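Peer 1: need coordinates for the below:
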Amino acid sequence: MLLLGGGAAVAAGAAAVAAREELAYWWGQLPGNSRPRKEGEVDFAGAQWSAASPANYRQANRPDDYTVDRVVIHVVQGSFATALKVFRDPFHEASAHYVVRGDGHIAQTVRELDVAFHAGNRGYNERSVGIEHAGFVDRPESFTPDMYAASARLTAGICRRYDFPADREHVVGHIEVPGTDHTDPGSHWDWDRYLTLVRAELRRPAARTRPGTT
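Peer 2: Below is the predicted model of the structure:
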């Protein structure tokens with residue numbers, strides 16, 4: 001048996017993972033191989049389903065075809081209702097998986113199975129879940145305690161589902177996505193507070209829920 005050196009072994013492992021993801025992607029494109037879908041299913045228990053236009057996301061079979069290892073935090077620069085409206089508009093060419101309102105209410109507009117067009121970077125879109133927050137980057141009052149708490153529960157559930165840590169490498173702002181020209185969530189978003197809440201949620205026993213429950 002040929003033993004590979006450390007660097008060669010890492011490279012071979014990365015190539016194998018990439019090959020598996022490519023194979024899984026094309027398998028999912030074959031007729032009949034897409035995961036079962038039911039209108040109105042949600043991935044976060046209690047979320048409101050408000051479907052985005054199919055023009056604003058790409059159907060996929062994540063994490064079988066693309067590894068999910070990021071959450072991207074966004075701010076709408078508008079209201080909760082505005083976000084849902086533009087995501088339904090087929091000419092908007094963008095969507096996120098979730099929208100969080102100031103009172104903590106959450107809407108899901110794209111299933112986590114699918115690739116939402118939210119990050120402005122194809123690779124990040126394929127590997128991440130996008131969460132919009134109603135409000136404006138220059139208005140600190142947009143970011144209420146109820147919003148932080150609800151969003152933290154949402155992000156903690158995503159971290160659990162896809163087994164990645166709640167840290168600043170894996171929970172990022174839109175401004176940190178390579179190639180983006182966006183500035184959200186802005187300087188008023190309290191990252192220390194947010195990640196403290198996410199980690200506290202992760203220390204709680206996992207709820208016995210499944211995708212599609214409400």
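Peer 1: next, the residue most central in space within the chain: phi, psi?
Peer 2: Most central in the chain under Cα atoms, centre = their mean is Val129, positioned 0.9 Å from the mean C-alpha point. Note on Val129: its backbone torsions stand at phi -110, psi 130 [degrees, to the nearest 10].
Peer 1: the lowest-mean-pLDDT helix or strand in the chain: what's the following helix or strand?
Peer 2: Sorting the helices and strands of the chain by mean pLDDT, DSSP states H and E puts helix 6-29 at the bottom, at a mean of 50. As assigned by DSSP states H and E, the chain's next helix or strand after helix 6-29 is strand 48-49.
Peer 1: give me the contacts around that following strand.
Peer 2: 39-42, 105-108 (Cβ atoms under 8 Å, 6 or more residues apart in numbering). Using the backbone N, CA and C atoms, a C-beta is placed for each residue, glycine as well.
Peer 1: if we use 10 Å, what do you get?
Peer 2: For strand 48-49, contacts defined as Cβ atoms under 10 Å, 6 or more residues apart in numbering pick out 39-42, 84, 98-99, 101, 105-109, 111, 212, 214.
Peer 1: of those residues, buried ones?
Peer 2: Using 16 or more other Cβ atoms under 10 Å as the burial test, the contacts of strand 48-49 include 41-42, 84, 98-99, 101, 105-109, 111 as buried.
Peer 1: which single one of the residues you listed is nearest to Cys159?
Peer 2: Set against Cys159, the nearest of the buried ones among the contacts of strand 48-49 by Cβ to Cβ is Tyr98 (14.1 Å).
Peer 1: send the alpha carbons of the helix or strand where Val86 lies over as PDB?
Peer 2: Applying DSSP H and E as the criterion places Val86 in helix 80-88. Only the C-alpha atoms of helix 80-88 are listed here, as PDB (Å, rounded to 0.1, in the frame of the first residue of the first chain):
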ATOM      1  CA  PHE A  80     -40.200  42.300   7.200                       C
ATOM      2  CA  ALA A  81     -43.100  42.700   4.700                       C
ATOM      3  CA  THR A  82     -40.800  44.400   2.100                       C
ATOM      4  CA  ALA A  83     -38.400  41.400   2.300                       C
ATOM      5  CA  LEU A  84     -41.200  38.900   1.700                       C
ATOM      6  CA  LYS A  85     -42.600  40.900  -1.100                       C
ATOM      7  CA  VAL A  86     -39.400  41.300  -3.000                       C
ATOM      8  CA  PHE A  87     -38.500  37.600  -2.600                       C
ATOM      9  CA  ARG A  88     -41.800  36.700  -4.300                       C
END
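Peer 1: pull the contacting residues for Asp167.
Peer 2: Asp167 touches 159, 195, 198-199, counting by Cβ under 10 Å, 6+ apart.
Peer 1: how is this protein divided into domains?
Peer 2: 1-33, 48-203 (automatic domain parsing).
Peer 1: which pLDDT value goes with the residue nearest to the centre of the chain?
Peer 2: Per-residue pLDDT puts Val129 at 98.
Peer 1: next one: it from His97, what distance?
Peer 2: Distance of Val129 to His97, given as Cβ to Cβ, to the nearest Å: 5 Å.
Peer 1: kindly report the same for Arg153.
Peer 2: 15 Å.
Peer 1: more neighbours: which of the two?
Peer 2: His97 (29 against 22; other Cβ atoms under 10 Å).
Peer 1: surely Tyr57 meets Arg88?
Peer 2: No. If you go by Cβ atoms under 10 Å, Tyr57 and Arg88 don't touch, sitting 11.7 Å apart.
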